[in-house]
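Enquirer: fold the following for me, if possible:
(4 chains)
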Protein chains: 2
Amino acid sequence: MTTENATLAAEWRDLLARHARINAALERELQGSHRLSVTEFEALSRLATEDDMGCRLQQLVDDVHMSQSALSRLISRLHDEGLVERRSCVDDRRGIYACITDAGRARLAEAEVTQAAVLARTLHA
Amino acid sequence: MTTENATLAAEWRDLLARHARINAALERELQGSHRLSVTEFEALSRLATEDDMGCRLQQLVDDVHMSQSALSRLISRLHDEGLVERRSCVDDRRGIYACITDAGRARLAEAEVTQAAVLARTLHA
DNA sequence: AGACAATGCATGCACATGCATGTATATTGC
DNA sequence: GCAATATACATGCATGTGCATGCATTGTCT
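Expert: All right, here's what the predicted structure looks like:
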């Protein structure tokens, strides 16, 4: 009972430490080399899986681990840097389609190299 | 090569999702039931492992996954709630000992029950 | 002993985040 | 068709975080 709880807590501490270590390394290198935060990379990466039409913000919220307001502003930042476009869609004028641009794909492609290197170094370290 | 990178990226996405899911649940329940954030719980939990003398902040920084400035303010918050004491130590007057109070131990004990419940529910879900 | 670097912690600042709310559009019930 | 409700996204606000820096104390070198 108590020992099971201790085991759970220890497992959680491990997960926390692992996440913190990898996330910090990624943040540092992605930001340093490509001016992208981990969450920005995450969103951009998710957008790149879509075809040309893009993706409703509502959809993104489910995949990216962030509140709706945080996502809204994150897309704003990416838009300001020309990495994504915002398109209001015709069939539901409340909806916004976020669509990765060519510049976005280029930036992402560079960043993916860095990400792979960092993960290879830290994920199983 | 590329498939290895994809595997690494997928593993990282899993870790990210897992962390986000559990962390969100913990944050909600610890905050809701005990007015403690996950990081505050973490620090308090770490402090509880020390004997009565407490622990240098410098030591805590290594265990808690946070910057030195964030920790300094976190201890301030816990101090304001009467959960920890700050003692400047005699042998090195730059150093601060953080020491959990009885109220801190009581609050932690309650919160640990909640944490165990949440972890049991979410860690292997 | 005195100058100079290093260490431990606090704080100003910029910024990303979550919550609550606002605005516009869509849907439902009558 | 109209009113009420729900949905999609944006935004004001409070807060927690990291970085750079400041201040006090300690260690080092000569």
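
Enquirer: quick check: closest non-adjacent residue to the spatially most central residue of chain A.
Expert: In chain A, the residue lying closest to the centroid (C-alpha atoms, centre = their mean) is A:E42, at 1.6 Å. Beyond its immediate neighbours in the sequence, the residue positioned closest to A:E42 (C-beta to C-beta, 6 or more residues apart in numbering or on different chains) is A:V64, lying 5.6 Å away. Every residue, glycine included, has its C-beta placed from N, CA and C.

Enquirer: quick one: that neighbour from B:T49, how far?
Expert: Here the criterion is C-beta to C-beta, to the nearest Å. By it, A:V64 lies 35 Å from B:T49.

Enquirer: likewise for A:W12?
Expert: Distance from A:W12 to B:T49, by C-beta to C-beta: 15 Å.

Enquirer: again, but for A:R77
Expert: 41 Å.

Enquirer: tell me which of the two has more neighbours.
Expert: A direct count of neighbours by other C-beta atoms under 10 Å in any protein chain shown for A:R77 and B:T49 places A:R77 higher, at 15 against 9.

Enquirer: so how far is chain B from the more buried one?
Expert: As for A:R77, its distance to chain B is 19 Å (criterion: C-beta to the nearest C-beta, to the nearest Å).

Enquirer: isn't there a strand covering that residue?
Expert: No. Read with DSSP: H, G, I helix; E, B strand; the rest coil, A:R77 is helix and lies in no strand.

Enquirer: tell me which residues touch A:R121, please.
Expert: The neighbours of A:R121, taking C-beta atoms under 8 Å, 6 or more residues apart in numbering or on different chains as the test, are A:A25.

Enquirer: that one sits in which helix or strand?
Expert: If you go by DSSP states H and E, A:R121 is part of helix A:102-122.

Enquirer: centre of the chain to that helix, how far?
Expert: 12 Å (C-alpha atoms, centre = their mean, to the nearest Å).

Enquirer: mind listing the helices for chain A?
Expert: A:2-34, A:38-48, A:57-63, A:68-80, A:102-122 (DSSP state H).

Enquirer: so which of these is the most surrounded?
Expert: helix A:38-48 (a mean of 20; mean count of other C-beta atoms under 10 Å in any protein chain shown).

Enquirer: what packs against it?
Expert: With contacts taken as 3 or more C-beta pairs under 8 Å, 6 or more residues apart in numbering or on different chains; DSSP states H and E, helix A:38-48 sits against helix A:2-34, helix A:57-63, helix A:68-80, strand A:96-100, helix A:102-122.

Enquirer: for stretch A:32-39, measure first residue to last.
Expert: 15 Å (C-alpha to C-alpha, to the nearest Å).

Enquirer: out of the helices and strands packed on helix A:38-48, nearest to DNA strand C?
Expert: Set against DNA strand C and scored by C-beta to the nearest atom of the strand, the helices and strands packed on helix A:38-48 come closest in helix A:68-80, at 3.0 Å.

Enquirer: quick one: low-confidence residue ranges for chain A.
Expert: Along chain A, the model assigns pLDDT under 70 to residues A:1.
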